[in-house]
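Enquirer: No letters, just coordinates:
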């Protein structure tokens, strides 16, 4: 059995999702969103991301992390913030000795919907179906679960 | 007395410099460069930055960190890497309970040379003069010391 944590970093909202893969079958374990305090300076928010991911890892003990790559946002300022958020999340995984794998947004969408340009609703829907959830997770949590599924697929095929 | 660690983050080279400020006088404590292994994936290199900064903080016990802001590089890909490196460095400081202050490259240059567009040699020269060093530190270490001096100047004026 392998436990995978998927992470979708963001300076405001960082989604996480933990799944496990056993004999080719995916199962849901946990998901959620680390919401940083928008009234605080970025350094504090980066630390909240580190602490939040660290806590999830301590609780669910994944074996590996899959982290969505930073995309080149239309606004370069937000891309730089996003980069810092990603750095905080990656380091939290590495400090827990988890190997970190990177997946582009396109690869993630392709993995769960079969279409690299799929919209957020489609990703939410397919994550729900693939993991047999009763309700769709929030968009950020669904994205994180999709990253984890994307990583799991590397071993299922 | 206040000890300040200045950090100039980079995915390949992260400069650090520690100074102390006592009764309005600056003194040099330490400086150097964390060189990440270019053969390794970015996640490992981010972790090397975190570990390196963590080690310097444990050794020299600064009270506060000053970190150079990410500039909008002409190449957006390198800006995103730089953002992640900065995130790793900031989180290392925050995890050691250091308050983190941000300074733009322009503010840093202004602080040590009086000119916001100063070149690297000018910064190296002035850092050497201001801290009374016998030799100029390497460019990345000098930049980090300049960030620390920039922070110190907020309290000296």
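Expert: That came in fine, so what should we check first? The model shown is predicted, which means the values in this text are computed figures rather than measured ones. Residues are numbered from 1 along each chain as shown, chains lettered A, B, ... in the order given.
Enquirer: Please name the bridge partners of residue A:2.
Expert: Beta-bridge partners for residue A:2, by DSSP bridges, are residue A:21.
Enquirer: so it sits right up against residue A:155, yeah?
Expert: Yes - assessed by Cβ atoms under 8 Å, residue A:2 is found in contact with residue A:155 at 7.4 Å. From N, CA and C alone the C-beta is placed, and that goes for glycine too.
Enquirer: Overlap in contacts, these two.
Expert: residue A:21 (Cβ atoms under 8 Å, 6 or more residues apart in numbering or on different chains).
Enquirer: Looking at those two, which one has more neighbours?
Expert: Per other Cβ atoms under 10 Å in any protein chain shown, whichever of residue A:2 and residue A:155 has more neighbours is residue A:2, with 13 against 10.
Enquirer: Quick one: residues contacting the more buried one.
Expert: With contacts defined as Cβ under 8 Å, 6+ apart, the neighbours of residue A:2 are A:20, A:21, A:22, A:63, A:64, A:152, A:155.
Enquirer: mind running it again at 10 Å?
Expert: By Cβ atoms under 10 Å, 6 or more residues apart in numbering or on different chains, the residues touching residue A:2 are A:19, A:20, A:21, A:22, A:62, A:63, A:64, A:151, A:152, A:155.
Enquirer: What distance do you get for it to residue A:26?
Expert: Residue A:2 sits at a distance of 10 Å from residue A:26 (criterion: Cβ to Cβ, to the nearest Å).
Enquirer: If the spatially most central residue of chain A is in a bridge, with which residues?
Expert: The residue lying closest to the centre of chain A (Cα atoms, centre = their mean) is residue A:7, at 2.0 Å. Taking DSSP bridges as the rule, residue A:7 bridges to residue A:16, residue A:67.
Enquirer: Okay, it and chain B: tell me how far apart.
Expert: 11 Å (Cβ to the nearest Cβ, to the nearest Å).
Enquirer: pretty sure that residue contacts residue A:87?
Expert: No - using Cβ atoms under 10 Å, residue A:7 is not in contact with residue A:87; the gap is 11.9 Å.
Enquirer: what residues are shared contacts of the two?
Expert: residue A:49.
Enquirer: how about residue A:116, secondary structure?
Expert: coil (DSSP: H, G, I helix; E, B strand; the rest coil).
Enquirer: can you check residue A:123 too?
Expert: helix.
Enquirer: can you count the residues close to it?
Expert: So residue A:123, with other Cβ under 10 Å, has 24 neighbours.
Enquirer: I figured it hits residue A:139, correct?
Expert: Yes - the pair residue A:123 / residue A:139 is scored as a contact, 7.9 Å apart, by Cβ under 10 Å.
Enquirer: that's a helix at residue A:52, yeah?
Expert: Yes - counting by three-state DSSP, residue A:52 is found in a helix.
Enquirer: I appreciate the help and will end here.
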